[in-house]
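# Let me see the structure of the following:
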Amino acid sequence: MGSYLEEFSEVKAKNSSEEALQRWRKACWLVKNRKRRFRFTANLSKRFEVREIQKSNQEKLRVAVLVSQAALSFIQGISYTVPEAVKGAGFEICADEMGSVVEGHNLRKLKVHGGVEGIAGKLSTCVTNGINISEESLSRRKEIYGLNKFTESPAKGFWLFVWEALQDTTLMILAVCAVVSLFVGIATEGWPKGAHDGLGIVASILLVVFVTATSDYKQSLQFKDLDKEKKKITVHVTRDGYRQKISIFDLLSGDIVHLGIGDQVPADGLFISGYSLLINESSLTGESEPINVTSKNPFLLSGTKVQDGSCKMLVTTVGMRTQWGKLMGTLSEGGDDETPLQVKLNGVATIIGKIGLFFAVITFAVLVQGLFSRKMNEGSHWSWSGDEAVEMLEYFAIAVTIVVVAVPEGLPLAVTLSLAFAMKKMMNDKALVRHLAACETMGSATNICSDKTGTLTTNHMTVVKTYICGKIKEINSSTSSSSAFCSDLPDSAVRMFQKSIFTNTGGDIVIAKDDKIEILGTPTETALLEFGLFLGGDFQAERKESKLVKVEPFNSEKKRMGVVLELPGGGFQAHCKGASEIILSACDSVLNSNGEAVPLDESSLKYLNDTIEQFACEALRTLCLAYKDVGGDFSAENPVPFEGYTLIGIVGIKDPVRPGVKESVAICRSAGITVRMVTGDNINTAKAIARECGILTDDGIAIEGPEFRVKSEEELQDIIPKLQVMARSSPMDKHTLVRHLRTTFEEVVAVTGDGTNDAPALHEADIGLAMGISGTEVAKESADVIILDDNFSTIVTVAKWGRSVYVNIQKFVQFQLTVNVVALIVNFSSACLTGSAPLTAVQLLWVNMIMDTLGALALATEPPTDDLMKKPPVGRKGNFITNVMWRNIMGQSVYQFVIIWYLQTSGKAVFHLDGPDSGLILNTIIFNSFVFCQAFNEISSREMEKINVFKGILNNYVFVSVLSCTVFFQIIIVEFLGTFANTHPLTYQQWLVSVLLGFLGMPIAAAAKMIPVGSR
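Below you'll find the model as predicted:
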């Protein structure tokens, strides 16, 4: 079948071209209901609209900047009148005026309003303490300036799904047949007898429509809930003098927001203060070149990303008043890319649909030819009765219903159903799936490249060991006080240590509402600030004493952070901290036991390197802190110097391995998934943690990033298969490793990342996994799955769910193709050989519902089992419809066809049927047996290779409910709806035989599973 699916194999799990997406849509021409089939696919026209808006935004900003610069010298003549409503609420500027300043990059107007401080005053806020949070003040602010929420398209109601389900072309044709049948039947046989056939078809259509609509509506609600989770972003603000975290949706005009690397700018605003701020506006304008934002160019636009640096920002306009708000409405309608499995199954449905259409035409032709032959023999071919017209109509209805059954519309929709179910459950397991395809691809993953800090470890860091003034000191119960720890250390060295910790930091120490001290920042920064407080330092006093002139924030490329301070007595001093060997290489002196700077000689350098290695071998994260007196001629335009430093000390930070990680790594290994650690830490620290986690084995390779990146292609071919740990890696090293694994070794790679610089690797990987707690907004946006608890064990759970989705869809496909094959062959062969079809239109509609909507509900929602992680992964080249599936389909199809055919040819004799109703009773037995064959085949399909199909069946309440409903309605249809469904009540013995024939399919399926076939 693979050769027929070429047009459906171009779509990738990520970054598919729009040409490929267009091609498969065109190839998929045989569709019963386009609205339903393509509901969960990307809206390409909306995406084109977004690109046009981005181009328009880019042009507007370019023009606005040029006009603003040209008009800056002509400030006179600008006047602004405050609207009465705004003045009455206690403000002096309206939202539209602020929008024209920020969105229009209008420096001229900004100057007229008194700059950033002036606009803050007019917004009744303070750039230091933020807005007043009294209930009355907040409600007035919301009323005048609005909420930071975007207009979304309203959720579809249930009746809209009913209407969409009615758009099915084949159901429309059947409805027309039903109406004609009603008129002809009533005209020839009178009411109510003549209306039975027509009403039966109408009732069946309505049942199919309502069951389909209910299933689709529930799916849409699940996706709606997941969309809400995806949009949850928190920001740091200062309100009433207190720093706090709030939802992006609670942000108001006048708020003071603190932004760092990787954050999303949550609303339009103005830069108050900050350092080295680079903003990426590509999401808004499509322009990838970052913009340098300073007090001279203070405009910040909602939806853009902080690429580097940090800042404090004044929020001006929010929600739909921003360009991002207007873009979001269109962007959300663009939809998610369809998954490769959805596309492949659309291809399978199209191929089978073509076969079904061919069989339907032939069946109709054979049935009509039989009717004409009979009329010719009787010599009545020129005279036609109403009954014969109804008979002709029934033949057409049967042909149309064969198409209904033959086109497996449920195949691609089962993927969506299974993914929606899995995504909802994964949310409970702390994994938020951002892209549908990731859930599916994760089941095929063969490699996981994991970060160390926070993923394999707890991310609860504490300084437990230090080197200072030639002494290695531990922080334990015996040194529980500052005085005990510092007793043998010179005061000048301790003060320098405190100064370096408190001034050279990306964290902050604030007083919370309950007057408790709260430390903000990354776990590493928090650990250092805690240590600074332990040394007896005063954070606020230290920050006030020296003025920060230059800040170069930490990033994973440089692996260091640097600041330059203007000292109270004049002159400048640089402080640097970061990866131990990198900072040590920039030092030419060290503080001795008296706290004096002495030159570094070979022996002291060796001692320091041995100390770093000793700390690292104890699985401690090591950082060096150093300082340098710069003199009196430093400019903020210059970079922070990086040579000639004096080493203050080394800290060893303990970050324990998470509980359960070792077991999770072992599960991955048994599942055929290779786990590799990629970290920026020291190689000895990385090796110690990797051994503790079970990642690094005796035959594994651990390598440093600088060494890895100079290897030739031939060397990489030998190294990468054995590579288990990469230390001191840069984001580009991670990207290179992922690219080689995917292209050279054709592995399916999952990658974790938390920083802005991890975005390329997350984008390159088959599955990008961002950390929910430590991850930046840029990393989360580049990722496919967000690990909400930053735990490696959750990644293993995602892999298990991914495999579950893949296997569940395989089970459903196996089940549905069996029903397709049997229903097609039975009706076609019967029409050709006997001139009549045993299964009527109403009965085929019921069978279609069993195999389509109900079958998908039952089989596509099976929860994962631990056995899934004991099999090798599918990988990149695995066939979706495997030899195992074909074996099961053929075994079951042959059995069902033999049974139905035997009943058709010998059923009257076996059941001793005679009399006027014998044909109807036999057809009812055939219909009943066929349905029970499907019911028991549904149970057999729970396992494709195992004999025991009952294990855990009661844990899946959906499966049990669907099966129970199928049996219940089958009894109702046979026993009580005979006049509408063309059935006849059966005796106890006939029921027993029907159920027994269905049940015999299970031992047949078990026997078929014993036939050995290749795995592909």
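# Can you name the residues that contact Leu270?
Residues counted as contacts of Leu270 (Cβ atoms under 8 Å, 6 or more residues apart in numbering) are Val102, Leu110, Val116, Ile119, Pro298, Phe299, Leu300, Met313, Leu314, Thr316. Any C-beta I mention is one placed from the backbone N, CA and C, and that applies to glycine too.
# would JSON lines of these with pLDDT be doable?
JSON lines is the format used below for the contacts of Leu270 (pLDDT from 0 to 100):
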{"residue": "Val102", "pLDDT": "86"}
{"residue": "Leu110", "pLDDT": "87"}
{"residue": "Val116", "pLDDT": "90"}
{"residue": "Ile119", "pLDDT": "91"}
{"residue": "Pro298", "pLDDT": "91"}
{"residue": "Phe299", "pLDDT": "90"}
{"residue": "Leu300", "pLDDT": "90"}
{"residue": "Met313", "pLDDT": "93"}
{"residue": "Leu314", "pLDDT": "94"}
{"residue": "Thr316", "pLDDT": "91"}
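# biggest separation within the residues you listed, which pair?
Leu110 and Met313 (14.3 Å; Cβ to Cβ).
# May I have the secondary structure class of the closest residue to Ile773 other than its chain neighbours?
Nearest non-adjacent residue to Ile773, counting by Cβ to Cβ, 6 or more residues apart in numbering: Asp790, 4.7 Å away. Three-state call for Asp790 (DSSP: H, G, I helix; E, B strand; the rest coil): coil.
# Got the confidence number for Asp790?
We have a pLDDT of 82 for Asp790.
# cool, and Lys149?
83.
# Ok, Met392 next?
If you check Met392, the pLDDT there is 77.
# Kindly spell out which helices and strands sit in contact with the helix or strand it falls within.
Using DSSP states H and E, Met392 maps to helix 386-406. Packing partners of helix 386-406 (3 or more Cβ pairs under 8 Å, 6 or more residues apart in numbering; DSSP states H and E): helix 169-189, helix 196-230, helix 340-378, helix 792-834, helix 841-849.
# Measure how it sits relative to helix 792-834, angle-wise.
150 degrees (axes from the mean of the first three to the mean of the last three Cα atoms, to 10 degrees).
# Use 399 as the first number for this chain going forward.
Yep, numbering from 399; the last one is helix 784-804 now.
# following helix 784-804, which helix or strand comes up?
helix 808-826.
# for that following helix, the distance to its chain's centre please.
12 Å (Cα atoms, centre = their mean, to the nearest Å).
# Not counting its neighbours along the chain, what's nearest Thr1077?
Nearest non-adjacent residue to Thr1077, counting by Cβ to Cβ, 6+ apart: Lys850, 3.9 Å away.
# And the one you found, how far from Met1169?
To Met1169, Lys850 is 12 Å away according to Cβ to Cβ, to the nearest Å.
# now swap in Ala1197 and tell me
17 Å.
# what residue ranges in the stretch 1199-1348 of the chain are flagged as low confidence?
In the predicted model of the stretch 1199-1348 of the chain, residues 1232-1235, 1275-1276 satisfy pLDDT under 70.
# 90 - rerun?
Counting by pLDDT under 90, the ranges of the stretch 1199-1348 of the chain that qualify are 1199-1284, 1295, 1298-1321, 1325, 1332, 1340-1348.
# same question, the stretch 549-698 of the chain
Along the stretch 549-698 of the chain, the model assigns pLDDT under 90 to residues 549-634, 636-648, 657-662, 664, 671-695.
# repeat for the stretch 699-848 of the chain
Along the stretch 699-848 of the chain, the model assigns pLDDT under 90 to residues 699-709, 716-843, 848.
# rewinding a little: have a look at Leu508 and Met711 and say which one is more surrounded.
The residue with more neighbours, out of Leu508 and Met711, is Met711; 30 against 22, by other Cβ atoms under 10 Å.
# could you say which helix or strand contains that one?
strand 703-715.
# what helices or strands is that strand leaning on?
In terms of contacts (3+ Cβ pairs under 8 Å, 6+ apart), strand 703-715 is packed against helix 493-500, helix 513-520, strand 654-657, strand 666-678, strand 945-953, helix 1175-1180.
# Does Phe1295 touch Val1220 like I think?
Yes - using Cβ atoms under 8 Å, Phe1295 is in contact with Val1220, at 5.7 Å.
# So between the two, which is more surrounded?
Taking neighbours as other Cβ under 10 Å, Phe1295 and Val1220 compare with Val1220 leading, 25 against 15.
# How about the contacts made by Gly1399?
Going by Cβ under 8 Å, 6+ apart, the list of residues near Gly1399 reads Gln1290, Tyr1293, Gln1294, Cys1331, Phe1334, Asn1335, Ser1338.
# ok, now how distant is the first one from Gly701?
When distances are taken as Cβ to Cβ, Gln1290 and Gly701 turn out to be 53 Å apart.
# now the third one
Gln1294 sits 57 Å away from Gly701, taking Cβ to Cβ as the criterion.
# ok, the two, which is more surrounded?
More crowded of Gln1294 and Gly701, by other Cβ under 10 Å: Gln1294, with 26 against 20.
# Between helix 1190-1232 and the host helix or strand of that one, find me the angle.
Assigned by DSSP H and E, Gln1294 falls within helix 1281-1308. Orientation of helix 1281-1308 against helix 1190-1232 (the same axes, to 10 degrees) gives an angle of 40 degrees.
# and helix 1281-1308, how far out from the chain's middle?
Chain-centre distance of helix 1281-1308: 43 Å, with Cα atoms, centre = their mean.
# same check, this time on stretch 970-984
The chain centre lies 39 Å from the centre of stretch 970-984; the measure is Cα atoms, centre = their mean.
# C-alpha coordinates for that stretch, CSV please?
Output in CSV follows, covering the C-alpha atoms of stretch 970-984 (Å, rounded to 0.1, in the frame of the first residue of the first chain):
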residue,chain,number,x,y,z
PHE,A,970,35.1,51.1,38.4
GLN,A,971,35.2,47.5,39.4
ALA,A,972,34.2,44.5,37.3
HIS,A,973,32.8,41.3,38.8
CYS,A,974,32.5,38.0,36.9
LYS,A,975,31.0,34.6,37.8
GLY,A,976,30.3,31.4,35.8
ALA,A,977,31.7,28.0,34.7
SER,A,978,34.8,27.4,36.9
GLU,A,979,37.4,26.6,34.3
ILE,A,980,36.3,29.6,32.1
ILE,A,981,36.5,32.1,34.9
LEU,A,982,39.7,30.6,36.2
SER,A,983,41.3,31.0,32.8
ALA,A,984,40.5,34.8,33.0
